[in-house]
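Chemist: Attaching a predicted model along with its sequence, questions to come.
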Amino acid sequence: MVSRREFFKSTSIAGAAVAATAVSRVAMAALPEPAIQTKPDTMPPLMPGNGRHYNPVVTLNGWTLPWRMNNGVKEFHLVAEPVVREMCEGFKAHLWGYNGQSPGPTIEVVEGDRVRIFVTNKLPEHTSVHWHGQRLPNGMDGVTGLTQPAIQPGKTFVYEFIARRPGTFMYHPHADEMTQMAMGMMGFWVTHPKNKHPLIDEVDRDFVFLLNSYDIDPGAYTPKIMTMLDFNLWSWNSRVFPGIDPLVVRKNDKVRIRIGNLTMTNHPIHLHGHEFVVSGTDGGPTPKTGRWPEVTTDVAVGQMRQIEFLADEEGDWAFHCHKAHHTMNAMGHDVPTMIGVDHRGVAKSISSLVPDYMVMGERGMADMAEMEMPLPDNTAPMMTGEGPFESVAMGGMFSVVKVRRDQKPGDYKDPGWYQQPPGTTAFEWTGALAAPARFKSEGNASMPVKNMPVKDVEVQVRKPVSHAGH
Ligand SMILES: [Cu+2]
């Protein structure tokens, strides 16, 4: 495996050679060497060394695929293969992906570029690549059986088309999709505009990531591929909190975040402390008249949304899916509600039969973050993440947008926790408490009930354990 740094060192030398002397057609007839990345870190933006200039994107916990210029054609080499992805510290998953990672590397091109992509299949079964959202010749659309024969194991296919439309796209297999997407095969694609575009603003920071989900039993390594809806790991670029890097920006930066959804359910993505507009979809930039301020936007299955905002409030701002069960990891699912159940005595008698028995969730689930619960090996804690005050008690689709006045332009290094100015932090009231004056009434029904006896009613609530749909 070649590290990215080594690869760039060698490509920059090779690139210089290409620029200085014409390389023979024989050499150019060979496939471009596939770049491989094995680390799950967020790599700095890949500055375009040749071709038209653009402002590159930053792939959250990912990287951009280098290319080779061959007689004016941008050549990429994708290798579909089994990979090991660290989804967060202490938890590795055996997935399928491209070039050493799931998701695969981001592909960045410029409107009008002629693009040639070599796809080598190192999976145990056939595959293909569909270029979601692209305008292209029908035969390049990547639908196995319909527009091309499958790429059999060991074979390499060539896709070639002109990136006609600027925008936000993704790629994924169109062959045994349920398996291959459940195993993590997907990647991001950005086509930058060729010229100044009236609907595409220039931004200071441009982040991309895919929403994906897995069903991996605690202690296991391989996703269950037959799962239809009841996934237990909700990830961004195959990472779960606290494994997802923060999105670091400089105060007053104009920020774009592009999100694609390749899970089997929708995700209302929510940003704290700012308002954003949806500036584009996988269908292209949205007209200015169709943009309105939001703090949450739903990204439905198979959709892409790009949001834009001015990062003008310093702080550590939560950024997450608003489905509460998508911000917890595997252990949190299929647990019955125990709130209000008094286990005193019961736990003792059960312990005599089942030595490891422990009571969970009697006072809510927040305990779970603190509890030193023995986890099976290779399992992400259900809710965790140490914040500056205490545990954030989150998992899954959660990260932090860090806005800092003194962050340097183009610097993505984690600045640490935000130092809140004195007197601006929520605090505990320690004065006297007045007894709350309870409002007394018989309710406010649209049809008042006469002579209804009013008394306290004890209500027992048991939350059903969902098996179909989250
Ligand atoms: Cu979600």
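Modeler: Structure received.
Chemist: got the residues of the chain near the ion?
Modeler: Proximity of the chain to the ion (C-beta under 5 Å from the ion) is limited to residues 267, 321, 323, 326. To be clear about C-beta, it is placed using only N, CA and C from the backbone, and glycine gets the same treatment.
Chemist: Out of these, list just those in strands.
Modeler: 267, 321 (DSSP state E).
Chemist: With neighbour count added, can I get the residues of the chain next to the ion in CSV?
Modeler: Listed next are the residues of the chain next to the ion as CSV, based on neighbours: other C-beta atoms under 10 Å:
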residue, neighbour count
His267, 25
Cys321, 24
Lys323, 16
His326, 24
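Chemist: Distance to Ile257 and pLDDT for the residues of the chain next to the ion - can I get that in JSON lines?
Modeler: JSON lines is the format used below for the residues of the chain next to the ion (distance: C-beta to C-beta, whole Å; pLDDT from 0 to 100):
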{"residue": "His267", "distance to Ile257": "13", "pLDDT": "97"}
{"residue": "Cys321", "distance to Ile257": "13", "pLDDT": "96"}
{"residue": "Lys323", "distance to Ile257": "18", "pLDDT": "94"}
{"residue": "His326", "distance to Ile257": "17", "pLDDT": "93"}
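Chemist: wait, which of the residues of the chain next to the ion is closest to Gln407?
Modeler: Taking C-beta to C-beta as the measure, Gln407 sits nearest to Cys321 out of these, at 25.5 Å.
Chemist: For the nearest residue to the closest one once chain neighbours are set aside, give me the pLDDT.
Modeler: Once flanking residues are discounted, Cys321 sits nearest to Met397: 3.8 Å by C-beta to C-beta, 6 or more residues apart in numbering. What the model reports as pLDDT for Met397 is 95.
Chemist: Does Met397 touch Asn237 like I think?
Modeler: No: assessed by C-beta atoms under 8 Å, Met397 is found out of contact with Asn237, at 10.6 Å.
Chemist: quick one: common contacting residues for the two?
Modeler: Counting by C-beta atoms under 8 Å, 6 or more residues apart in numbering, Met397 and Asn237 have no common neighbour.
Chemist: show me the contacts for the residue nearest to Cys321.
Modeler: Met397 makes contacts with 211, 234-236, 240-241, 267, 320-321, 326-327, as judged by C-beta under 8 Å, 6+ apart.
Chemist: model confidence over stretch 290-307, on average?
Modeler: pLDDT averaged over stretch 290-307 gives 97.
Chemist: quick one: buried residues of the top strand by length along the chain?
Modeler: Among the segments of the chain that qualify as a strand by DSSP E, the longest is strand 73-88. Using 16 or more other C-beta atoms under 10 Å as the test for burial, strand 73-88 gives 74-81, 83, 85-88.
Chemist: Within the sheet, what are the partner strands of that strand, with directions?
Modeler: strand 68-70 (antiparallel), strand 91-98 (antiparallel), strand 114-121 (parallel) (DSSP bridges).
Chemist: just the buried residues of strand 73-88 now: which is nearest Asp230?
Modeler: Closest to Asp230 out of these is Met87 (18.1 Å), distances taken as C-beta to C-beta.
Chemist: Now do the contacts for the closest one.
Modeler: Residues near Met87 by C-beta under 8 Å, 6+ apart: 93, 214, 233, 235, 238-240, 243, 380.
Chemist: out of the residues you listed, which is most surrounded?
Modeler: Tallying neighbours with other C-beta atoms under 10 Å puts Ser235 at the head of the contacts of Met87, with 32 neighbours.
Chemist: How about that residue: what's its closest non-neighbour residue?
Modeler: Leaving aside its sequence neighbours, Ser235 sits nearest to Asn212 (C-beta to C-beta, 6+ apart; 5.3 Å).
Chemist: Likewise for Trp417?
Modeler: Pro388 (4.0 Å).
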